[in-house]
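K.L.:
got a predicted structure plus its sequence, pasted below:
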Amino acid sequence: MSDQFLSIIVVGLIVGTIGAFQALQDFIFFYPLFMSFLWTFGAIYYFFHWEREAQMPDSPPVLSSAPMVSIIVPCFNEEANVRETIQSLVSQNYPHFEVIAVNDGSRDQTATILDELCTLYPALRVIHFAENQGKGLALRMGVLASRAEFIVCIDGDSILHPNATAYLVQPMIDNPRVGAITGNPRIRTRSSLIGRIQVGEFSSIVGMIKRAQRIYGRIFTVSGVVTAFRKQALHRVGYWSLNMVTEDIDVSWQLQRDHWGILYAPNALCWILMPETLDGLWRQRLRWAQGGAEVCLKNIGSLWRWRLRRMWPLLFEYCVSVAWAFAFLVTVVLWLIGQFAYLPPGMHVDTIFPPAFTGLVLGTTCLLQFAASIIIESRYEPKLWRQIAWTVWYPTVYWAIIAATTVVGFPKALAKRRTLRAAWVSPDRGIRPS
């Protein structure tokens, strides 16, 4: 009797293990599929509800008032880009603004160039740090030195559309509960396959995610390269954290925890430089993955109050994405083991590439997502359809990078000392267009 009972337990464990592994494989397949549909239909709803009748970027908005705006530019080793950036800022089509450049201990000629530009542009002021203090502190000091209630933050290697400032502050002028507006970054480094893939990614993924997240009321992160803030909101949440590798994700969560709204302004265009090498892309995305994990770990224990319930979808989405990344890792490990050792049929992974039917479903979904994004984003970049030939690589590149950086970045976030200041590291700026 005991032997029969033991046999039943063993069989039950085997069947349960095989069933769990099958569920794991289904999860690996269905999660990207579900998220693709969620982003696509969320973006389509956002477009028809808020965006379709909106003004185009080249037409300045009609403002009910034009309060003073401070444009903050943190700079670290930006000698190759800062002239172009400052020129785009002092050329804004907005009545009352100032530009504050914060030189965060640059070791190149950034300080000299900024001092020179100060003599050319009366609207520009410069703050110099003797040593690198990190982007969070650079932004904080810029805001404290500002004379305006509305703040626009932009990276020192970006080019802001002439009407972007007006579009960024318009929702805050009209709605006192809006604490931040995130703009629409557009890739300008397109001379390599990696750069062109990112053009498709930012159009068919990043923009669509922000639109979809706005539907359920919370945005995972503002864009670190172009965002407007209400100074009162920043002051209430303590400004940017100094120990987070992604200060933009952290301040987004802190503002929304304090019940400030964050909106998306797709007609506030900002042209940015992105990595065009595998090493640069890996370092950038690993920093994003680690930063997301740090913010989740910081907030997960205190979000379970009912008044913070609107943050739950963000937390749930992030936790499921982390689970998916580690599930994908388990599948890859089992596939590698299966190349050299015997595994039971229920646990053996024949290939890490999707089978024909699964691949067809994913590919079709991907094309539908691309089609929707091109229709929406062509308002801001009419020739975007030319990049569709490169975006067919999106499923492999995007999800593989998400899985790899999450698996590496999450343990890094767990092991990081919370008191460690997050200093700058000069990123890969891509291959500059001629």
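P.N.:
It's in.

K.L.:
spatially nearest residue to Leu308, not counting backbone neighbours?
P.N.:
Arg257 (6.2 Å; C-beta to C-beta, 6 or more residues apart in numbering). For every residue, glycine as well, the C-beta is placed using N, CA and C.

K.L.:
separation between the closest residue to Cys270 other than its chain neighbours and Val73?
P.N.:
Of all residues not flanking Cys270 in the chain, Val226 sits nearest, at 3.7 Å (C-beta to C-beta, 6+ apart). For Val226, the distance to Val73 equals 11 Å [C-beta to C-beta, to the nearest Å].

K.L.:
list residues touching both of the two?
P.N.:
The contact sets of Val226 and Val73 overlap at Cys153, Ile154, Asp155 (C-beta atoms under 8 Å, 6 or more residues apart in numbering).

K.L.:
of the residues you listed, which one scores lowest on pLDDT?
P.N.:
Among those, Asp155 carries the lowest pLDDT, at 92.

K.L.:
buried stuff in stretch 128-138?
P.N.:
Neighbour counts over stretch 128-138 (16 or more other C-beta atoms under 10 Å) mark Phe129, Asn132, Gln133, Gly134, Lys135, Gly136, Leu137, Ala138 as buried.

K.L.:
Serialize those to TSV and add fields for secondary structure, pLDDT and distance to Glu377.
P.N.:
Formatted as TSV, those follow (DSSP: H, G, I helix; E, B strand; the rest coil; pLDDT from 0 to 100; distance: C-beta to C-beta, whole Å):
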residue	secondary structure	pLDDT	distance to Glu377
Phe129	strand	92	37
Asn132	coil	87	36
Gln133	coil	87	36
Gly134	coil	88	33
Lys135	helix	90	28
Gly136	helix	90	31
Leu137	helix	92	35
Ala138	helix	93	31
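
K.L.:
out of the residues you listed, flag the one nearest to Leu33.
P.N.:
Lys135 (36.0 Å; C-beta to C-beta).

K.L.:
which strand or helix spans Leu242?
P.N.:
In the assignment (DSSP states H and E), Leu242 maps to no helix and no strand.

K.L.:
quick check, it in contact with Lys135.
P.N.:
No. The pair Leu242 / Lys135 is not scored as a contact, 9.3 Å apart, by C-beta atoms under 8 Å.

K.L.:
follow-up on the earlier one: so which of the shared contacts of Val226 and Val73 belong to strands?
P.N.:
Cys153, Ile154 (DSSP state E).

K.L.:
can you give me the helices in the stretch 201-350 of the chain?
P.N.:
207-215, 231-237, 247-257, 278-299, 312-338 (DSSP state H, counting those that start in this stretch).
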